[in-house]
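Trainee: Sequence plus predicted model, see below.
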Amino acid sequence: MKQQPDGKWMVHDPKTGRWLEVPGYGAMKSTPLLLNEEIDLTKPIFEQVLELEMRQSRKTSRKRIRKG
């Protein structure tokens, strides 16, 4: 990979010999990637997030009931 003077990143395709732009490369380098340690990236993420959200909503609903 190499970076062009205009900031675009290019990768060389050995089959065609052409340089191709890699759109979005480095777009998040200034943003920290925060990962929840309870999420296992080797398993389906959507289902795990739903489960975590259900657990959190149960905790908040219990707190509301106890206060009321």
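Mentor: Cool, the structure landed.

Trainee: Do a quick rundown of the strands in the chain.
Mentor: Along the chain, counting by DSSP state E, strands occupy 2-3, 9-12, 19-21.

Trainee: winner for burial among these?
Mentor: With neighbours taken as mean count of other CB atoms under 10 Å, the strands of the chain reach their highest mean count in strand 9-12, at a mean of 13. Heads up, the C-betas are built off the backbone N, CA and C, glycines and all.

Trainee: Could you list every helix and strand in contact with that one?
Mentor: Contact here means 3 or more CB pairs under 8 Å, 6 or more residues apart in numbering; DSSP states H and E; on that basis strand 9-12 packs against strand 2-3, strand 19-21.

Trainee: now for those strands, which one comes closest to Leu52?
Mentor: strand 19-21 (37.2 Å; CB to CB).

Trainee: Pull up the pairing partners for that closest one, direction included.
Mentor: According to DSSP bridges, strand 19-21 forms sheet pairs with strand 9-12 (antiparallel).

Trainee: Can you add distance to Lys43 and give the strands of the chain back as TSV?
Mentor: Converted to TSV, those look like this (distance: least, CB to CB, whole Å):
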stretch	distance to Lys43
strand 2-3	36
strand 9-12	31
strand 19-21	33
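
Trainee: For those, give me JSON lines that also has mean pLDDT and distance to Thr60.
Mentor: Formatted as JSON lines, those follow (pLDDT from 0 to 100; distance: least, CB to CB, whole Å):
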{"stretch": "strand 2-3", "mean pLDDT": "92", "distance to Thr60": "47"}
{"stretch": "strand 9-12", "mean pLDDT": "95", "distance to Thr60": "44"}
{"stretch": "strand 19-21", "mean pLDDT": "95", "distance to Thr60": "46"}
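
Trainee: closest one to Glu47 among these?
Mentor: Counting by CB to CB, Glu47 lies closest to strand 9-12 out of the strands of the chain; the figure is 33.9 Å.
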